[in-house]
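structure for the following, please:
(chains A and B)
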Amino acid sequence: MTSKQFVVSRRGFLKLGVATAAAAAAGGALTARPASAKGGLKPGFESKFTVCDMCFNKCSAIARVSDGVVQKLDPNPKFLKSRGMLCAKGNAGIHQLYDPNRLKHPLLRVGERGEGKFKRISWQEALDLAAAKMGAIAKEHTRCGMLFMAGADMQSTFVHRFAEAFGSYNVISHESNCLLSNNRAFLDTFGEVPIPDVLNSKYILMVGANRFESLVTPDSIDLMTALRQHGCKLVVLDPRYTKTAALANEHHAIRPATDLALMLALMHVLIGEELYDQRFVAEKTYGLEQLRDHVRPYSPEWAEGETQIPAEAIRRMAREMAAVAPAAMVYPGRRSSDYANSTQIRRGFAMVNALLGNWDRPGGLTAARVVGLKGGIPLEAPFYEDNPPERVDSGQARLMFEEEGSFKLTRDAVLKGEPYPIKGFFAYHVNPMQTGANRQKTIAMFNKMDFVMVMDVAMTDTAWMADLVLPSQTYLERLDPASAQQGSSACACVVQRDPVVPAMFEAQPVFWVVKELAKRLELGEHFDFTVEEFRAAQLADLPDAPKALAEDGVYYNPSRLYGVYEGKIYKTKSHKIELFNQRYAEAGLDPMPVYTPLAQPPAGQFRLVVGRNALITQSSSTSNSLLLQMQPDNDLWIHPEPAAKLGIKAGQKVAVSSPAGRQVLTARVTHETRPDTVYMHTGFGVMSKELAAFGRGGCIAAVLVDAVDEISGNMAMHETFVQVAAA
Amino acid sequence: MAVKLGMVIDAASCIDCKGCQAACKVANQVPDGFWRNWIKRGDEEKAALDRLGLRFQPGNCMQCDKPTCVAACPTGATYKEAKDGVVRIDRELCIGCGQCIAACPYDARYRHPQLRVADKCDFCAERRAAGLQPACVDTCPTKARVFGDLNDPDSPAGRLLRTKASVQVVNQKSNTDPNLYYLGDPGPADWPVQAKMPTPWQFWKSLGGPALEALVGLTGLGVIAMYGRQLILGDRDQPPDHASGQPEGGDHDQRA
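Residues are numbered from 1 along each chain as shown, chains lettered A, B, ... in the order given. The predicted model follows:
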């Protein structure tokens, strides 16, 4: 073992092992030696349960801690939803905790917005300032003049509570930049958003999803088990040859924006050849006769012209699915922020499933089960008479989720100042600068604001644009409410998060921040409790939960998995599964999805599609020093044919431009994408110089045009055509 | 029969998520740009063009029964543990000469830039001592890596080895008799290289055998000679990028 003393730069101190970070945190000393030169765990470590926060999956994990330092994060073998695994991002959580670039204390902007000049201030100053600004905005513009946005975090519930107590309806989540089209479609077909029983399925048609790269628990893991051990067939339709495609039984590089044509053709075959589950459809669905007429023109031969998938393959898919139904599915997918008609496209997915009769049955789509977790301590929100009648984004998307809102429509409203002005913004653990299409418009939105406050662990691009930046504790330092989880046949369970190490620097939980703000704004009565008390209220009906959570890190509430709907109605207007949606008909929307060909890229242009892989969570993981070693940047996937025409060689810098903006990144010339489609990963091309990813790759939000799903208000991110040129 | 620790790997189950690589990096404090384990893959361009499947192949030090690294080590720092067959490195004895790195057909070793010693997978010795699985095995989502005593027919790994067809991935000219087995098609198999043995040293060893090795170890003659070599080499391989790390797993390994 060496006894040398190393003097290291601020950015480099993690390289010497995490143990040094604690010393640095305590004393600020940046001179340290590798504390554990031998590597590995020190004998006598403690094991503490935690819940991962490196993505939305919230996997239970075990922190191995010695001397107050997290040495390693391991999976919790008792956590069935993850199948006892921890992915690369989960392992890299330790590098979020000990990130030398972490936000350490409150910062007040001193330069121009987005210039990155801040000064350190005290929490007292920060909270007094925030309360004063929010109070002033409420007075001048009503309380709805404050906009709140919170990501998928176990403490986001407190931000929502604060917004409600403060009196603003304008609360948006990250979800309208992600999955709401899919949720809308399944809700409007089955009355709820299903959980696919991947593990027991015999045939999975995966369209617009990349489950082996974009990890969702337990689906990603169960998919492999189903393939390797249960003889399941996986057919992937994706313009890219993804890892999921590479591991599938069959892959078709479908022409983008034509998924609905394929679904309609599948229904055409299922109904035309009477392959659908006739008893199930007769008993449990509404609108078969209308659908029969509706899909008659949509033959596989017609669909071949749209999708560029051979008619015979489409016909075969329908027959193969029917042969093993109900243990067959069109995988519902998750991120569906793609096209202006994404809700209708996803309705097509849902309706094929309905014809297969797979609802509530093994290997099909399962319903949500009740875990018994309560809502915590109820809020009696005050009523503010001067508030406007509606959310700022209401009345545009026909069936927007009021509780989620629409980032796209809200931003438009802020820019116009209509129907009323919004002048303040509080964002917690969410990064619309990177995830919301058209970054220039997001910047313009910030510039409309009198006051922007952002709380996060690191100086994200969204924090970079803020007036006041607040340092959040990481998940490993926090006491959080309990959270209910469900995943397929794996479980319906509860997890909770306790701190595994003391908080570092001046970082605080957002609960403390909103509580302090509430005190200053005379709303203290709404936060007159502790997180422990809130959690106890959540667990009030689960007397066995605290012991199980302490011993296993997870609490299961055994409940029925299949047949949940026997003897029950579906939560739709007809009380049945709606092939024909009556509410849509009443609202003037197509009650059954009608295929209208979407524009395809003109000559010399490409459709830009975006996504992630197992090392990326949108934008929140890409600056992680461990993950950056495996995913150092993003590049532009372009097919060799157009690349040759444009004189673009592999590894060369290229400019990608659209009406929304221009980004420069490296070309990856590959047959893994279609000639008409280029691809970028999310999360790079950051503006914030305080992130380790600064200077790497290009930003999707800077190139994507902001279209909107007309029904759900979800962002539509695959409607962007780009030009590509050597840079 | 003595314990022989090894891995039986189902390459077909690997989704190339790199969980094993991240887990290993943290568990063993592997410095930036270096790796103790890897996931190799076939020709993805060809696969994409021909619409073929692609196979991902997880791997790490194969804890060989005929370890060329042990033979190449001038000081006895690299040795094969008698009790479980794991090839270990004694950092007190290692002089960082790099002979073992060249002698490994699998490029499983690298030179630790700060500690100036050879480093590689030891199936997470500290974790095993604490009753835990190796980090890569514990964390793997699809459980493609199965670890255990290959000599125990009832261990998870032993059972697989006994009941399913498996192969080893080796270079024909340097068959080290590895203890990593792959079930069925392992994917790419043409990557192990011929071991580069330190010729003079091998010659001495062939003359003197263990006795000479022990003698050199005792007198420190070999140590001095090799330390000179380390001084000459200096820190040329310091920057993380290519150096002596794994051919896969660094910047150039990325396929999104």
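
from here on, contacts and neighbour counts on C-alpha atoms
OK.

for chain B, what's the nearest residue on the stretch 101-250 of chain A?
Closest to chain B within the stretch 101-250 of chain A is residue A:246: 4.8 Å, counting by C-alpha to the nearest C-alpha.

so what's the residue count around that residue?
Neighbours of residue A:246 under the rule other C-alpha atoms under 10 Å in any protein chain shown: 24.

how about residue B:10?
24.

now do the one 4 residues further on
Here the number of neighbours of residue B:14 (other C-alpha under 10 Å) works out to 23.

about what we covered before: relative to residue A:457, how far out is the residue of the stretch 101-250 of chain A closest to chain B?
Going from residue A:246 to residue A:457 by C-alpha to C-alpha, to the nearest Å gives 36 Å.

just the buried residues of stretch A:120-129, please?
Buried residues in stretch A:120-129, counted by 16 or more other C-alpha atoms under 10 Å in any protein chain shown: A:123, A:126, A:127, A:129.

could I get the contacting residues of residue B:43?
The contact partners of residue B:43, by C-alpha atoms under 8 Å, 6 or more residues apart in numbering or on different chains, come to residue B:54.

pull the residues that contact whichever helix or strand residue A:130 is part of.
Using DSSP states H and E, residue A:130 sits in helix A:123-141. Here helix A:123-141 makes contact (C-alpha under 8 Å, 6+ apart) with A:105-108, A:143-146, A:421-424, A:451, A:453, A:468, A:513, A:516-517, A:520-521.

who are the contact partners of the closest residue to residue B:66 other than its chain neighbours?
Distances taken as C-alpha to C-alpha, 6 or more residues apart in numbering or on different chains place residue B:176 nearest to residue B:66, at 4.6 Å, with adjacent residues excluded. Contacts for residue B:176 (C-alpha under 8 Å, 6+ apart) come out as B:64, B:65, B:66, B:67, B:68, B:170.

list the buried ones in stretch A:565-585?
Buried, per 16+ other C-alpha under 10 Å, within stretch A:565-585: A:570-572, A:574, A:576-584.

now the phi/psi pair for residue B:9, please.
With angles defined as degrees, to the nearest 10, residue B:9 sits at phi -120, psi 130.

same question but for residue A:276, I mixed them up
Note on residue A:276: its backbone torsions stand at phi -70, psi 160 [degrees, to the nearest 10].

show me the contacts for the residue in chain A that chain B sits nearest to.
Chain B sits closest to residue A:88 of chain A, with a gap of 3.8 Å, by C-alpha to the nearest C-alpha. Contact analysis of residue A:88 by C-alpha under 8 Å, 6+ apart lists A:614, A:615, A:627, B:17, B:18, B:19, B:20, B:21, B:22, B:23.

list just the nearest of those residues to residue A:709.
Distance to residue A:709 across these (C-alpha to C-alpha) is lowest for residue A:614, with 26.9 Å.

surely the closest one meets residue A:213?
Yes: with contact defined as C-alpha atoms under 8 Å, residue A:614 reaches residue A:213; the gap is 4.8 Å.

I'd say residue A:215 and residue A:614 touch.
Yes: the criterion here is C-alpha under 8 Å, and residue A:215 meets it with residue A:614 at 6.0 Å.

where does chain A dip in pLDDT?
For chain A, the stretches with pLDDT under 70 are A:1-40, A:490.

swap in the stretch 151-256 of chain B?
Scanning the stretch 151-256 of chain B for pLDDT under 70 picks out B:200-256.

in stretch A:359-370, what's buried?
Across stretch A:359-370, burial judged by 16+ other C-alpha under 10 Å covers A:359, A:360, A:361, A:362, A:363, A:364, A:365, A:366, A:367, A:368, A:369.

okay, the buried residues of stretch A:120-129 in a markdown table with distance to residue A:303 next?
Shown next, in a markdown table, are the buried residues of stretch A:120-129 (distance: C-alpha to C-alpha, whole Å):
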| residue | distance to residue A:303 |
| --- | --- |
| A:123 | 60 |
| A:126 | 59 |
| A:127 | 59 |
| A:129 | 59 |
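
what's the closest of the residues you listed to residue B:183?
Nearest to residue B:183 out of those is residue A:123 (C-alpha to C-alpha; 58.0 Å).

hmm, stretch A:91-102 touching chain B?
Yes: using C-alpha under 8 Å from any C-alpha of the partner chain, we find that stretch A:91-102 touches chain B at A:91, A:92.

which ones are touching the closest residue to residue A:180 other than its chain neighbours?
Once flanking residues are discounted, residue A:180 sits nearest to residue A:714: 5.8 Å by C-alpha to C-alpha, 6+ apart. For residue A:714, the contacting residues are A:175, A:176, A:177, A:178, A:179, A:180, A:181, A:337, A:406, A:407, A:408, A:708, by C-alpha under 8 Å, 6+ apart.

is the fourth one in contact with residue A:333, as I believe?
Spelled out, it's residue A:178. No: assessed by C-alpha under 8 Å, residue A:178 is found out of contact with residue A:333, at 10.9 Å.

quick check on residue A:577: phi, psi?
In terms of degrees, to the nearest 10, the main-chain angles of residue A:577 are phi -70, psi 120.

count of neighbours near the residue nearest to it when sequence neighbours are not counted?
Of all residues not flanking residue A:577 in the chain, residue A:285 sits nearest, at 4.4 Å (C-alpha to C-alpha, 6+ apart). Applying other C-alpha under 10 Å, we find 23 residues neighbouring residue A:285.

also residue B:194?
When neighbours are defined as other C-alpha under 10 Å, residue B:194 has 17 of them.

farthest pair in the buried residues of stretch A:120-129?
A:123 and A:129 (9.7 Å).

appreciated, that's everything.
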